[in-house]
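In: any chance you can model this:
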Amino acid sequence: MVTFRRYLAKAGIPYLDEQGRRVDFHSLRLTFGTNLVLSGAHPRVVQEMMRHSDIRITMKLYADVTGLPFAEAAAALPSFGMEGSHLGGPENYPLKIGNG
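Out: Just a heads-up that it's a prediction; the model follows:
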């Protein structure tokens with residue numbers, strides 16, 4: 001960590017930012033995991049690349065939810081029942097009930 005902090009100082013990167021977040025090995029892993037998720041990688045691939053034994057560790061601890069595209073995900077949903085929509089009406093998106 002001493003060498004790592006020295007490199008941070010040389011690069012002009014503070015060890016602690018104004019929000020109290022640290023730059024350390026785990027913050028680099030968090031960035032790596034979050035960027036994999038944002039790239040669209042399948043969660044199982046992210047889990048394997050991060051060498052986690054449990055997908056819950058990957059998704060709960062190593063995917064920063066503040067960087068996830070919630071608005072884009074909501075915007076990608078079909079617009080059921082909206083007449084004049086470029087996606088068409090509900091007949092273009094039949095609802096499936098049960099396992100079918």
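In: what does Arg22 show for phi and psi?
Out: phi -100, psi 150 (degrees, to the nearest 10).
In: partners of it in the sheet?
Out: Leu16 (DSSP bridges).
In: what number of residues lie near it?
Out: 11 (other CB atoms under 10 Å). From N, CA and C alone the C-beta is placed, and that goes for glycine too.
In: same question, Ser79
Out: Ser79: 15 neighbours (other CB under 10 Å).
In: now do Met1 against Gly33, distance only.
Out: 21 Å (CB to CB, to the nearest Å).
In: before we move on, what about Thr3?
Out: 24 Å.
In: and the two? which has more neighbours close in?
Out: Gly33 (23 against 7).
In: look up how far Leu68 lies from the closest residue to that one other than its chain neighbours.
Out: Leaving aside its sequence neighbours, Gly33 sits nearest to Tyr62 (CB to CB, 6 or more residues apart in numbering; 3.4 Å). From Tyr62 across to Leu68, the span is 12 Å (CB to CB).
In: for Thr31, same thing?
Out: 14 Å.
In: if we can go back for a sec, per-residue pLDDT, the residue nearest to Gly33?
Out: What the model reports as pLDDT for Tyr62 is 88.
In: quick one, helices of the chain?
Out: Assigned by DSSP state H, the chain shows helices spanning 2-11, 25-38, 43-50, 55-61, 70-75.
In: hmm, back to that, more neighbours: Tyr62 and Leu68, which one.
Out: Between Tyr62 and Leu68, counting by other CB under 10 Å, Tyr62 is the more crowded of the two (20 against 13).
In: just give the closest residue to Met49, not the sequence neighbours.
Out: Leu36 (6.3 Å).
In: what is the neighbour count of that neighbour?
Out: So Leu36, with other CB under 10 Å, has 20 neighbours.
In: about what we covered before: next, show the common contact partners of Tyr62 and Leu68.
Out: Listed as contacting both Tyr62 and Leu68 by CB atoms under 8 Å, 6 or more residues apart in numbering are Thr34.
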